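Engineer: Mind looking at a prediction? Sequence and model below.
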Amino acid sequence: MPDLFDTDTPTETTAPRPLADRLRPQSLAQVIGQSHILGDEGPLGVMLASGSLSSLILWGPPGVGKTTIARLLAHETDLYFEQISAIFTGVPDLRKVFDAAKLRRQNGRGTLLFVDEIHRFNKAQQDSFLPHMEDGTIVLVGATTENPSFELNAAIMSRAQVLVLERLTIEELEKLALRAETEMGRTLNLTDQARRALVEMADGDGRTLLNLIEQVLAWKTGAPLDVDALTKRLMRRAAKYDKSGEEHYNLISALHKSVRGSDPDAALYWYSRMLEGGEDPRYLARRLLRMAVEDIALADPQAQSICLHAWETYERLGSPEGELALAQAVIYLALAPKTNAGYVAYKAARNAARQSGSEPPPKHILNAPTSMMKDQGYGAGYAYDHDAEDGFSGQNYFPDTMQRPTFYKPVDRGFERDLKKRTEYFAGLRAKRNASQN
């Protein structure tokens, strides 16, 4: 069997090799990180111990070892490793790959087909893998940075186990840095604080860290560089953020829940993370207004006005000054009293409206502009509330066939505390009026 990791060819021994390539693990035991799937009790550890490898979807951010793990799985299971990218592969290319895998299988060897960026294949292309997965022609290992449940067909998902790869921790990145220093035969000429800053710049991406280390080791420096000197020479890596992908929804969810949880510091952090990622402040303004309506509502009616004014301020000032107005709205919302009583009442009322169908209003609250409508009883018995004691008649305003429900149940927080007193006051008057009429 050819050695998949043999790079001793005449052209490759003379050509410079990137540090990331030189440090590529030669066995799964050498992989840094992902112990939750590679350990003895992890899914891959169990599969390899049993000698049965199923199709997999490796889901995780860039630079955490998806391609490396796929290569090593093929090596350790004696499967032929075939790698394609969904970006560059079309239907004719897929046919050639499947035909080669069939021929290989006839000769007694299986194929591990690694598909990078598998989420970029359309539905028809994804469906083309199914028969070859089912008859054992290929073991599919797909890699994706996007949520598979959003991007992959249900048929693929049902035939492959999804394994979630995690960003490398600071400790794991430090191990990788030590391995790089050993390979290069020298240490990074950085202060302890600058070394930590370098590791943090990688943002959990091992490949990025090795590229940064390679740059730093190439510098000719005297005294160890401090953080300021390091950051002047290196650009901090942009945070992972896709305004149309899952990360967008993850961060707005984190912001919303931090506001709901009355944590202004966390809310400001996630708000800032989205701005740093390039999010449109107008989108954030819309979402802040939604938070005011959904989670604060009548506990603090001013919250909606604060959000609208912040939005208007942003439209007049633009970035970056207008973003401060939105940040102040974030703080206000986080510290405002919270209630979802109006939201719950609205949903309950909508549900009751659907169930009650076309029940008409009671005739006493209908107008009677014609004599025929008066003859039909429209408006008969209507009590004008301003003429009633306390300005409250206590009449029934629901359909005659409908038992009176209670949708709105205000909480004892913020301004809604006052509204709770009012609802209880009117409920008491209504009971009193109804008792006197019976």
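Structural biologist: Structure's in. What do you need? Numbers count the residues shown, from 1 in each chain.

Engineer: Now the residue nearest to residue 197 when sequence neighbours are not counted: phi and psi?
Structural biologist: Nearest residue to residue 197, sequence neighbours excluded (Cβ to Cβ, 6 or more residues apart in numbering): residue 227, at 4.9 Å. (C-beta placed from N, C-alpha, C; glycine too.) Phi and psi for residue 227, reported as degrees, to the nearest 10, are phi -60, psi -40.

Engineer: I'd like the distance between residue 227 and residue 102.
Structural biologist: Relative to residue 102, residue 227 is positioned 57 Å away (Cβ to Cβ, to the nearest Å).

Engineer: spatially speaking, which residue is in the middle of this protein?
Structural biologist: residue 250 (2.6 Å; Cα atoms, centre = their mean).

Engineer: Quick check, pLDDT for that residue.
Structural biologist: Looking at residue 250, its pLDDT is 85.

Engineer: Over to residue 186?
Structural biologist: The model's pLDDT for residue 186 equals 90.

Engineer: tell me the contacts of it?
Structural biologist: Taking Cβ atoms under 8 Å, 6 or more residues apart in numbering as the criterion, residue 186 is in contact with residue 217.

Engineer: A strand includes it, no?
Structural biologist: No: read with DSSP: H, G, I helix; E, B strand; the rest coil, residue 186 is coil and lies in no strand.

Engineer: which intervals of the chain have sub-threshold pLDDT?
Structural biologist: 1-15, 235-246, 438 (pLDDT under 70).

Engineer: Please enumerate the strands of it.
Structural biologist: Using DSSP state E, the strands of the chain run over 56-59, 80-85, 111-116, 138-144, 161-164.

Engineer: With distance to residue 23 and mean neighbour count added, can I get those strands in JSON lines?
Structural biologist: Output for the strands of the chain, formatted as JSON lines (distance: least, Cβ to Cβ, whole Å; neighbours: other Cβ atoms under 10 Å):
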{"stretch": "strand 56-59", "distance to residue 23": "20", "mean neighbour count": "25"}
{"stretch": "strand 80-85", "distance to residue 23": "19", "mean neighbour count": "16"}
{"stretch": "strand 111-116", "distance to residue 23": "20", "mean neighbour count": "25"}
{"stretch": "strand 138-144", "distance to residue 23": "19", "mean neighbour count": "25"}
{"stretch": "strand 161-164", "distance to residue 23": "23", "mean neighbour count": "16"}
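
Engineer: And the chain, split by domain according to the record?
Structural biologist: Residue ranges for the domains of the chain, per automatic domain parsing: 10-164, 170-233, 246-335, 362-437.

Engineer: export those domains to CSV and tack on distance to residue 352?
Structural biologist: Converted to CSV, these look like this (distance: least, Cβ to Cβ, whole Å):
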stretch, distance to residue 352
domain 10-164, 34
domain 170-233, 49
domain 246-335, 20
domain 362-437, 6
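
Engineer: Residue 346: which of the ones you listed is closest?
Structural biologist: domain 362-437 (7.8 Å; Cβ to Cβ).

Engineer: gap between that closest one and the chain center?
Structural biologist: 46 Å (Cα atoms, centre = their mean, to the nearest Å).

Engineer: First residue to last residue on that domain, what's the distance there?
Structural biologist: Terminal residues of domain 362-437 are spaced 17 Å apart (Cα to Cα, to the nearest Å).

Engineer: one step back: would you turn the strands of the chain into a markdown table with distance to residue 308?
Structural biologist: Below are the strands of the chain laid out as a markdown table (distance: least, Cβ to Cβ, whole Å):
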| stretch | distance to residue 308 |
| --- | --- |
| strand 56-59 | 39 |
| strand 80-85 | 47 |
| strand 111-116 | 46 |
| strand 138-144 | 40 |
| strand 161-164 | 40 |
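
Engineer: From residue 361, how far off is residue 380?
Structural biologist: 13 Å.

Engineer: pretty sure residue 211 is in contact with residue 19, am I right?
Structural biologist: Yes: using Cβ atoms under 8 Å, residue 211 makes contact with residue 19 at a distance of 7.5 Å.

Engineer: Show me where the stretch 51-200 of the chain has its helices.
Structural biologist: 66-76, 91-106, 123-127, 130-134, 148-151, 154-159, 170-184, 192-201 (DSSP state H, counting those that start in this stretch).
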